[in-house]
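In: Just need the structure, nothing else, for what follows:
(chains A and B)
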Amino acid sequence: MSDIAIRVDGLGKQYRLGNLVNGYQTLRESLADLWGGLIRKPPDLSAKQTDNVIWALRDVSFDVRQGQVLGVVGRNGAGKSTLLKILSRVTEPSEGCAEIHGRVGSLLEVGTGFHPELSGRENIYLNGAILGMKRTEIDRKFDEIVEFAEVSQFIDTPVKRYSSGMYLRLAFAVAAHLEPEILVVDEVLAVGDAEFQRKCLGKMSDVATQGRTILFVSHNMSAILRLTEETLVIDKGRLVMRAPSAQAVDFYLSQGYSQEGQRIWRSEEIPASAAPFFPLAVRVVNQAGQVADTVRSTEPFFVEIEYKLTAPIAGLRVGIYLQSPRGEYIFNSFDTDDCELYDRFGTREAGTYISQCRIPADLLNEGRCVIGVNASSFRVKRYFQDEQALTFSVDSTGAPGTQWTEPRVGLVRPRLDWTIKVVER
Amino acid sequence: MSNRAEVVNSRNVPVLMLRPSKGWVPVNLGDLWRFRELVFFMTWRDLKVRYKQTLLGASWAVLQPFLTMVVFSIFFGGLAKMPSDNVPYPIFSYAALLPWGLFSKALHDASRSLVTSSHMITKVYFPRLILPMSTILAGVVDFGIAFVVLLLMMVYYQITPTPAVWLLPLFLLLALVTALGVGLWLSALNVLYRDVGYMTPFLTQFWMFLTPIVYPASLVPEQWKVVYALNPMAGVVEGFRWALLGTQTQLAPLLAVSVPVSLLLLVSGLFYFRRMERLFADRV
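Out: The predicted structure follows:
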């Protein structure tokens, strides 16, 4: 029994729906509730629980052996982060219990508590203390942290003058030099460039080989496959599957569990100036026709924009900007780029439309992609623009070069023709 | 009974049980002790950052009470001829403005401490008590700077401190305990109800008039003395004047009420804070 690091039994976390919407109650509302409670009969509790409450996590049980690296995958809002927050004591469970053997270090977000006005040196100490390190421990690891972050020249400069890359490296470096028995990591690799990601993954493998227990949440399936032996699949707050990582990732990708992949604009998000153009939704659709948050780079997929016109628009073009999470453009394309389509849809009548773009296989590299949406008539009017309408992940499993486990740099990962000519033998 | 029983397993690794907590939760002193360095770092951060990009820097710590004293001296001391227990009005009011400044700043900072650190609360575990505590401690440094000016004023007015001056730290402690008690209530309430942000300046202003800052406590009618003493800051301010300037005041009956009230505020604040702590990450 002594080799258990984490035992989770029937864990659940409940949120009141009102809290999610408002964030907080005002005193007046609370007093009104109190007053209402005094003069009226107490409301039926069972009804209240089903109406106003959502379970971000429910009935989750598993255990983790000491030294195991366990992956956790699930679409956005599936409850992964809630699970990690409970295990790292940020929030309390609503039911069930968790047994934690050892000190937990959490990497829920790098740079927590970093202060822009303070220097790199000062932030290392501050952030270390927030993460639970002793002063002497930080003293001991200080040089190592600075070296890992590659910021030694700027160590006494306020971090507000750092580039975003330097900032991230420093933040990760502090967190990575924690020495807890259990490390929980949430999506820290989603940020930063390929070089940084390579370094982080390397550091994490080091940590894993030191016999420490890691719980690793990521949308990056390659990282999951590279780092973990076993993976949990979580969907709608429930534990759906626990299996060897290859099997779990395959299940996750093929079952459409990664299905988020859609953004529906609420009416209040659409500026009045957009009329008569009303965007309805943008979605990523995989080859099988499912809306998906993660697509495979080896398969073609579609980006669809659904919109409504309440009056005819002449010369309308609806298009997408594909960008990296750091805002680098990959490409920009419009539905009437093709002259034949441009002629056919010179003026679009009132009605509901879907503009669909097919993104070919073997184009994008692994990582997150951001879709921006634009609807305009060239040199006449820009009806609607949303720079970050939707994000999705590209998974490179099976892409050219994946026999080597290193990440590939760049935003594209084309399948190119190579020839090898023997000049002399 | 603790909801988080901490035991040690056979590998000599501490085992932590996480389960829903119910009702009142005792203060986890062990945890607070383990994170004691964080209190120091957070206080240091507050100090370091506070006067960044200001022209006058730490002299603000002196300017604020000093200029207030000047204004009070002109209007209350000069024009309104307010009695000042036979010491010059400027030093009479400045000696009161020091602990009051510490207290009102502590209330302001502590009440906002959790809300302004929401990004930390939702990402990392540490005893949340550290946040209001460290903001209050940061105020002590400002107090120290402003105190030097008080000493210079005493030299100027040729006032020698009374033999009771060594009791001064105890009055300072009373101010800190009161500030922490009220600060804990306000900070926890502020997470749930942002009304606190609007209420605190008003509360502080109101409280200032209930504290003998512009006037001596001796002005308060005899039959109201006990009610008046319910404000622990009355005891603090009168104590400061008594220990430093040797004013004649009936301190004992004042403190007999002020000290228990202050402790009651602290204990109730601690328990309310701990009870609400489980909601912070979800509600902040």
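In: okay, now residue 214: neighbour count?
Out: You didn't pick a chain, so chain A it is. Neighbouring residues of residue A:214 were enumerated by other C-beta atoms under 10 Å in any protein chain shown; the total is 23. In short, each C-beta sits where N, CA and C put it, glycine included.
In: that's the wrong chain, I meant chain B
Out: For residue B:214, using other C-beta under 10 Å, the count is 21.
In: interface residues of the stretch 1-150 of chain B facing chain A?
Out: When proximity is defined by C-beta under 8 Å from any C-beta of the partner chain, the stretch 1-150 of chain B lies next to chain A at B:9-11, B:13-21, B:34-35, B:37-38, B:40-42, B:45, B:48-49, B:52-53, B:117, B:119-126.
In: Remind me what the biggest strand by length in chain A packs against, helices and strands.
Out: Longest strand of chain A, by residue count under DSSP state E: strand A:381-395. The elements that strand A:381-395 packs onto, with contact taken as 3 or more C-beta pairs under 8 Å, 6 or more residues apart in numbering or on different chains; DSSP states H and E, are helix A:221-227, strand A:262-264, strand A:277-285, strand A:294-296, strand A:367-377.
In: Repeat the analysis, applying 6 Å as the threshold.
Out: Contacting strand A:381-395 under the criterion 3 or more C-beta pairs under 6 Å, 6 or more residues apart in numbering or on different chains; DSSP states H and E are the following elements: strand A:277-285, strand A:294-296, strand A:367-377.
In: Keep only those of the residues of the stretch 1-150 of chain B next to chain A that are in helices.
Out: Those of these mapping onto helices are B:34, B:37, B:38, B:40, B:41, B:42, B:45, B:48, B:49, B:119, B:120, B:121, per DSSP state H.
In: contacting residues for the second one?
Out: Right, the one you point to is residue B:37. With contacts defined as C-beta atoms under 6 Å, 6 or more residues apart in numbering or on different chains, the neighbours of residue B:37 are A:129, A:135.
In: picking up where we left off before, compare the helices and strands packed on strand A:381-395 and give me the one nearest chain B.
Out: Evaluated with C-beta to the nearest C-beta, the helices and strands packed on strand A:381-395 place strand A:367-377 nearest to chain B, the distance being 20.0 Å.
In: Make TSV from the ones in helices among the residues of the stretch 1-150 of chain B next to chain A and add pLDDT to it.
Out: Putting those into TSV (pLDDT from 0 to 100) gives the following:
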residue	pLDDT
B:34	84
B:37	88
B:38	90
B:40	89
B:41	89
B:42	90
B:45	88
B:48	83
B:49	83
B:119	84
B:120	86
B:121	88
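In: Which members of those residues are classed as buried?
Out: If you count burial by 16 or more other C-beta atoms under 10 Å in any protein chain shown, the buried members of these come out as B:37, B:38, B:40, B:41, B:42, B:45, B:48, B:120, B:121.
In: how about the fourth one, what does it touch?
Out: With C-beta under 6 Å, 6+ apart as the criterion, the residues that contact residue B:41 are A:126, A:129.
In: thinking again about what came up before, quick check: the farthest pair among the ones in helices among the residues of the stretch 1-150 of chain B next to chain A?
Out: When C-beta to C-beta is used, the two most widely separated members of these are B:34 and B:49, lying 25.0 Å apart.
In: coming back round to it: which stretch among the helices and strands packed on strand A:381-395 is buried most, on average?
Out: Neighbour counts averaged per stretch over these are highest for strand A:294-296, at a mean of 26; criterion: mean count of other C-beta atoms under 10 Å in any protein chain shown.
In: What's the first helix or strand after that one?
Out: The C-terminal neighbour of strand A:294-296 among helices and strands, as given by DSSP states H and E, is strand A:301-309.
In: Skip the chain neighbours and tell me the closest residue to residue B:63.
Out: Using C-beta to C-beta, 6 or more residues apart in numbering or on different chains and skipping residues adjacent in sequence, the residue nearest residue B:63 is residue B:56, 6.8 Å away.
In: Give me the contacts around the helix or strand harbouring residue A:198.
Out: Remark: residue A:198 resides in helix A:194-209, with elements defined by DSSP H and E. The list of residues contacting helix A:194-209 from outside it, by C-beta under 6 Å, 6+ apart, reads A:69, A:172, A:176, A:189, A:214, A:227, A:407, A:409.
In: in it, what's buried?
Out: The neighbour-count criterion (16+ other C-beta under 10 Å) identifies A:194, A:196, A:197, A:199, A:200, A:201, A:203, A:204, A:207, A:208 as the buried residues of helix A:194-209.
In: got the helices and strands packed on strand A:381-395 as a markdown table, with distance to residue B:148 and mean pLDDT columns?
Out: Supplementary listing: these in a markdown table, determined by distance: least, C-beta to C-beta, whole Å; pLDDT from 0 to 100:
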| stretch | distance to residue B:148 | mean pLDDT |
| --- | --- | --- |
| strand A:277-285 | 63 | 92 |
| strand A:294-296 | 63 | 89 |
| strand A:367-377 | 55 | 88 |
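In: Turn those strands into a markdown table, including distance to chain B.
Out: What follows is these, written out as a markdown table (distance: least, C-beta to the nearest C-beta, whole Å):
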| stretch | distance to chain B |
| --- | --- |
| strand A:277-285 | 29 |
| strand A:294-296 | 25 |
| strand A:367-377 | 20 |
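In: Can I get those strands in a markdown table including distance to residue A:223?
Out: As requested, these are arranged in a markdown table below (distance: least, C-beta to C-beta, whole Å):
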| stretch | distance to residue A:223 |
| --- | --- |
| strand A:277-285 | 20 |
| strand A:294-296 | 13 |
| strand A:367-377 | 10 |
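In: what about those, which gets the closest to residue A:116?
Out: Closest approach to residue A:116 among these (C-beta to C-beta): strand A:367-377, 24.8 Å.
In: so what's residue A:368 bridging to?
Out: Residues in a beta bridge with residue A:368, per DSSP bridges, are residue A:393.
In: now it: how far from residue A:215?
Out: For residue A:368, the distance to residue A:215 (C-beta to C-beta, to the nearest Å) stands at 21 Å.
In: Could you do residue A:182 as well?
Out: Plainly put, residue A:182 is 7 Å away from residue A:215 if you go by C-beta to C-beta.
In: got a list of contacts for stretch B:50-62?
Out: Outside stretch B:50-62, the residues that reach it (C-beta under 6 Å, 6+ apart) are A:117, B:142, B:145, B:146, B:149.
In: Now do it: distance to the chain's middle.
Out: In terms of C-alpha atoms, centre = their mean, to the nearest Å, the centre of stretch B:50-62 is set 21 Å apart from its chain centre.
In: Could you tell me the end-to-end distance of that stretch?
Out: Chord length of stretch B:50-62, first to last residue, is 14 Å (C-alpha to C-alpha, to the nearest Å).
In: Show me which residues of that stretch are buried.
Out: So, applying 16+ other C-beta under 10 Å, buried residues of stretch B:50-62: B:50, B:61, B:62.
In: In JSON lines: the residues you listed, plus distance to residue B:78 and pLDDT.
Out: Formatted as JSON lines, the entries for these read as follows, by distance: C-beta to C-beta, whole Å; pLDDT from 0 to 100:
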{"residue": "B:50", "distance to residue B:78": "33", "pLDDT": "81"}
{"residue": "B:61", "distance to residue B:78": "26", "pLDDT": "84"}
{"residue": "B:62", "distance to residue B:78": "22", "pLDDT": "87"}
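In: which one of these is nearest chain A?
Out: residue B:50 (9.6 Å).
In: quick one: the closest one from residue B:138, how far?
Out: Between residue B:50 and residue B:138 the computed distance is 7 Å (C-beta to C-beta).
In: Tell me which stretches of the stretch 1-150 of chain B form strands.
Out: Assigned strands in the stretch 1-150 of chain B, in chain order: B:6-8, B:14-18 (criterion: DSSP state E, counting those that start in this stretch).
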